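Undergrad: I would like to see how this sequence folds:
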Amino acid sequence: MAPPTVPGPDAVPYLAGDCGRAARMPLAPAHCLPRTRSRAFPIRRLAPCRSRATPSVRSWGVPLPPSAPRRGLDAQGRHVVIRVVDLPRGRAGALVLRRLADLRVLRHPGLVTVREVVSLPEHRAGVIMDLVDGAGLDVVLGARGRLNVSSLATLLDVLGSALAYLHEHGATHGDVSSGNVLVTADGHPVLVDLLGSVMETGTQEYAAPERLAGAPPSAAGDVYALARLLTECSGQGRYRLPAPGGNPD
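TA: Take a look at the predicted model:
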């Protein structure tokens, strides 16, 4: 599949030029899902997917981790991303599967859409999400160093609204970071990887002190991570906000 075509700089008011660079990044090898597929949501074709876990050079023949994203087409011909996740055994696995399924009802322009969650053999689940065609914010920051005030305001407005929507629906993100934000060619940021809170994973550099101490994901932790992200995007690096009564790292 050819990389997506990205408009010229005049058509990209936000982070101009970097979306094209990310769209031309080489893809990693293709892999297949486990044998079982959902009859209600069949996948027609699988292909590699760009992600922060995907190497930036061609590595044909080198296997990716089972949890690495795959890109494919659903029965309606829509581009989707498939994540295969390991589930705990017993009741804990059923609870995680239910929480993953709850993500399907969430609809917000600042959040990636989860289309379906499929139970797979060997205590795994397949999470099928829309493919967001855009540049990773971490890639953009690596190229530009910082965002201007207008772009920072857009980032705060869209991601703040997306997190508020999640929290109003009793959910959290759990892994707000530059690697989990994609910016489309028209300058719209989208928060991806909604599995962080369900799978209780996260990015240490953005984690609130209580998360580092072993606490579960929370709305307050999401707000903390967003503040860390905005600080990084303003050019101040990954500055750790001080805990109450403490000193920053």
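
Undergrad: And the helices in the protein?
TA: Per DSSP state H, the chain carries helices over the ranges 18-23, 91-102, 137-144, 149-168, 196-199, 209-212, 219-231.

Undergrad: right, so of those, which gets closest to Ala125?
TA: Proximity to Ala125 (Cβ to Cβ) singles out helix 91-102 among these, at 5.6 Å. Glycine gets a C-beta too; all of them are placed from N, C-alpha and C.

Undergrad: Just the CA atoms of the closest one, as CSV, please.
TA: The C-alpha trace of helix 91-102 is given here as CSV (Å, rounded to 0.1, in the frame of the first residue of the first chain):
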residue,chain,number,x,y,z
ARG,A,91,-12.5,-13.5,36.1
ALA,A,92,-9.8,-10.8,35.8
GLY,A,93,-9.6,-11.5,32.0
ALA,A,94,-13.3,-11.3,31.6
LEU,A,95,-13.3,-7.9,33.4
VAL,A,96,-10.6,-6.5,31.2
LEU,A,97,-12.4,-7.8,28.1
ARG,A,98,-15.6,-6.0,29.3
ARG,A,99,-13.7,-2.8,29.9
LEU,A,100,-12.1,-3.0,26.5
ALA,A,101,-15.6,-3.5,24.9
ASP,A,102,-16.9,-0.4,26.7
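
Undergrad: just checking, what packs against that helix?
TA: The contact analysis (3 or more Cβ pairs under 8 Å, 6 or more residues apart in numbering; DSSP states H and E) places helix 91-102 against strand 114-120, strand 124-130, helix 196-199.

Undergrad: 10 Å instead, please
TA: Packing contacts for helix 91-102, counted by 3 or more Cβ pairs under 10 Å, 6 or more residues apart in numbering; DSSP states H and E, involve strand 79-86, strand 114-120, strand 124-130, helix 196-199.

Undergrad: These: lowest mean pLDDT?
TA: Per-segment mean pLDDT for the helices and strands packed on helix 91-102 reaches its minimum on helix 196-199, at a mean of 74.

Undergrad: which residues sit against that one?
TA: With contact meaning Cβ atoms under 10 Å, 6 or more residues apart in numbering, helix 196-199 is reached by 67, 83, 85-88, 95-103, 125, 127, 166, 171-177, 180, 193, 202-203, 216-219, 221-222, 225.

Undergrad: wait, isn't Gly221 in contact with Ala208?
TA: Yes - between Gly221 and Ala208 there is a contact under Cβ atoms under 10 Å: 4.2 Å.

Undergrad: show me the contacts for the nearest residue to Leu155 once chain neighbours are set aside.
TA: Nearest residue to Leu155 in three dimensions, chain neighbours excluded: Pro189, at 5.5 Å (Cβ to Cβ, 6 or more residues apart in numbering). Taking Cβ under 10 Å, 6+ apart, we find Pro189 in contact with 14-15, 109-110, 132, 134, 137, 151, 154-159, 162, 181-183.

Undergrad: One more: Val105?
TA: Going by Cβ under 10 Å, 6+ apart, the list of residues near Val105 reads Val114, His169, Ala171.

Undergrad: now, among these, which is nearest to Leu230?
TA: Taking Cβ to Cβ as the measure, Leu230 lies nearest Ala171 of the contacts of Val105, at 21.4 Å.

Undergrad: Distance of that closest one relative to Arg144?
TA: As judged by Cβ to Cβ, to the nearest Å, Ala171 and Arg144 stand 31 Å apart.

Undergrad: Nothing else from me, thank you.
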